[in-house]
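Trainee: Generate a structure from the sequence data that follows.
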Amino acid sequence: MKKIIKFTLFLLILSACEDLIYKDQPLVLSEAENYKDWVDYRSAELGLYALQQELVDQIIVLGELRGDLLKVSSDADVDLVEIQNFDVSSDNKYASANNFYKLISACNALIRTLELNHPEVKESNPTANDYHRIYGEALCMRGWAYFNAARIYGRIPYIPEQLTDYQDVVEYIMNPELTYYVDSGRYMYDINGIDIIDLNDTVWYPMDTVYIDTVQFETFARRFVDLRTVVENVTYDLTERLNYVGVDYANKDGVEQDEWNAIIWTEYSKDYLLGQMALTVGNIDNAYFEYFYPILYNYDYLEQEDDYIRFGLDDAFSNDDWRTIFQNININEHIYTIWFGKSELQTHNLQRLFDNSGTNLFYLRPTSKAIKFWETEWIGQIPTSRELWRDNITELTYTGLPGDFSRGYGVSYIYKYGDGEDDIMSESEVRQMLDYKKNDQEKEVQNLMRNVDTLVYKYTRDLYDNDAFVPLYRASSVHLYAAEICLYFEKNGYTISRSPQFLNGTYNYNFRQLGVRGRVSLSEKSPEFQILQDPYTNEVIEFVDFVATSEYTEHQLKQRYFEEVILDERAKELAFEGERFYDLMRFAKRRGDPSFLADIIADCEGKYSSEKREEIRAKLMDENNWYIPFVISDNE
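Mentor: Predicted coordinates:
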């Protein structure tokens, strides 16, 4: 395999203005032009973010359509139908690993060049400079790509770092005759013999040369690795090789500092990735105390008494303000967000997939189960007991008002009468519909909802914009991870009783912390027993004590109950953001019970026909079918 030393990147030109303005164009650097100064490194590093943008559609579709919150519409194309039915063909556009490995090879190129031209990035106790920080961002981006690919495909090829050209990556992966990858370097000869060795990359030394030859000199055994191995390798990179991360662009370009800190890799997003990986493979102690703790208890941002607590789930996004999480990037909630801008020709297809206006496709829509999560919440309910939900409640003094209108209608989903931009059902009409359900007025419900479509709304902007930012890591997700972790260990006061506190905002003795449910004014969940209530009338049906059985201890029963509470809460808080299927996988694997995932998905209300349900259930009982068959091609 002969090496051609070139890189195809996207040059992102940043203008010094308040908004984030990127302009991308193909950039091919010849050997003599590679990385002459800081601008070249910066362009290459920002090109990684452009390559990550290309993965957004795939990340959201595969993470949500295989779960229980999203389904295909009647007009969906065959690729999406295959994804929903866990029957993915090799030419499915959402199955290809190409964009993951384009990003990985570009990361390899930047990492290798930095190590060759700026070896100080490898020092264990360096003085920080921007080359260290770009090096850290490239390691984080590559780790993110590997981790997400492993979650999708199960076993993936781990590419030698010396592979920096995408076509070489494809040949390394796909050539059935290739047992080893043979690295090649440019040996430059002069009259005195070998003078310079150019190792595969971008170091250029102008010199008088008699001739240039290509010599094979190093081999790497090809290997496919599982998710745990990927996590181990990425964790090593981000804890042992990485010293600093996050170039301070704002000081260089006059761009808003806070917004930059939410769209590039920083210490917080690096810790989130490390924590998410650790939790996925069951290292819950490290996940919480090493990685999530600095995010959960971040008070460095508090300069004045009335400042918001960064990542603290205070009233910055409480009640109706929750919807602003999807209108503006804000570092109090957004830890890592992929930015898009129509003016710079950087768009995605999410609005086209979810919206029915104009020429949009409307291929995907929420499931009935997803809508039910929000519409069966109750605001302001008052039990007969003074101490909320602590005694054996048999009735409510006040049933409250139905509907989570902070996170649900008007932000996560909408109802539409037609395909016009203004055909949206009003919030008052939806409240009326829920009141009809509360009073068992089914005929009135049917009349109001006749010929109404249900649409995902989180990524919808003005018609044809297709450039809503996509939050990958949010503060609320970390708090929900913490609630999950507390179910499984007892350490330093963190017990199962602490788990619901992360929902209710009472976990750090700071009255400003409201918790995931608390900041949208929802009632707490008691760790002592479960209350069963009618979803549409909110009448208390019964309460169930956690009494040990021959199969489960009291502690295990509480664990299982709150597992489902947390999963439901993650659905209401994080629906359509790309994590649902992996949430279900994580809980099913922890239980050692594939039927947990299989039943949730197969029985999802309105997603599959009665005949299809058993077929889907049977497929998902085999964990191998939780993954997409690995496919990569050289024709892109």
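Trainee: List the contacts of residue 58.
Mentor: Taking Cβ atoms under 8 Å, 6 or more residues apart in numbering as the contact definition, residue 58 lies against 94, 99. Backbone N, C-alpha and C define where each C-beta goes, glycine included.
Trainee: Remind me which helix or strand it belongs to.
Mentor: When elements are assigned from DSSP states H and E, residue 58 belongs to helix 56-64.
Trainee: need the next SSE after that helix, C-terminal direction.
Mentor: The helix or strand immediately downstream of helix 56-64 is strand 70-72, counting by DSSP H and E.
Trainee: Work out the sheet partners of that next one and label each with its direction, please.
Mentor: If you go by DSSP bridges, strand 70-72 pairs up with strand 364-366 (antiparallel).
Trainee: what's the spacing between the partner strand and its chain's center?
Mentor: Distance of strand 364-366 from its chain centroid, counting by Cα atoms, centre = their mean, to the nearest Å, is 18 Å.
Trainee: so how far is the helix or strand following it off the chain centroid?
Mentor: Once the chain leaves strand 364-366, the next helix or strand it forms, by DSSP H and E, is helix 368-375. In terms of Cα atoms, centre = their mean, the gap separating the centre of helix 368-375 from the centre of its chain is 21 Å.
Trainee: Now for residue 125, how many residues are close by?
Mentor: By the measure other Cβ atoms under 10 Å, the count of residues near residue 125 is 5.
Trainee: nope, residue 93 is what I was after
Mentor: Close neighbours of residue 93, defined as other Cβ under 10 Å, add up to 12.
Trainee: Also residue 74?
Mentor: Residues near residue 74, counting by other Cβ under 10 Å, number 7.
Trainee: mind listing what it touches?
Mentor: With Cβ under 8 Å, 6+ apart, residue 74 has no contacts at all.
Trainee: any idea whether it is helix, strand or coil?
Mentor: Under DSSP: H, G, I helix; E, B strand; the rest coil, residue 74 falls in the coil class.
Trainee: Specify the angle between the helix holding residue 58 and helix 368-375 in degrees.
Mentor: 90 degrees (axes from the mean of the first three to the mean of the last three Cα atoms, to 10 degrees).
Trainee: Off-centre distance for helix 56-64?
Mentor: 9 Å.
Trainee: What's the mean pLDDT across stretch 340-356?
Mentor: Over the span of stretch 340-356, the pLDDT mean works out to 93.
Trainee: thinking again about what came up before, can I get the CA coordinates of the helix holding residue 58 in PDB?
Mentor: Taking Å, rounded to 0.1, in the frame of the first residue of the first chain, the C-alpha atoms of helix 56-64 are listed here in PDB:
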ATOM      1  CA  VAL A  56     -25.700  14.000  13.300                       C
ATOM      2  CA  ASP A  57     -28.500  12.400  11.200                       C
ATOM      3  CA  GLN A  58     -27.100   8.900  11.700                       C
ATOM      4  CA  ILE A  59     -26.600   9.400  15.500                       C
ATOM      5  CA  ILE A  60     -30.100  10.600  16.000                       C
ATOM      6  CA  VAL A  61     -31.900   8.100  13.700                       C
ATOM      7  CA  LEU A  62     -30.100   5.000  15.000                       C
ATOM      8  CA  GLY A  63     -30.300   6.100  18.700                       C
ATOM      9  CA  GLU A  64     -34.000   6.900  18.600                       C
END
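Trainee: any chance you could map the strands in the stretch 101-250 of the chain?
Mentor: Taking DSSP state E, counting those that start in this stretch, the strands of the stretch 101-250 of the chain run over residues 156-157, 180-190, 193-198, 211-221, 224-225.
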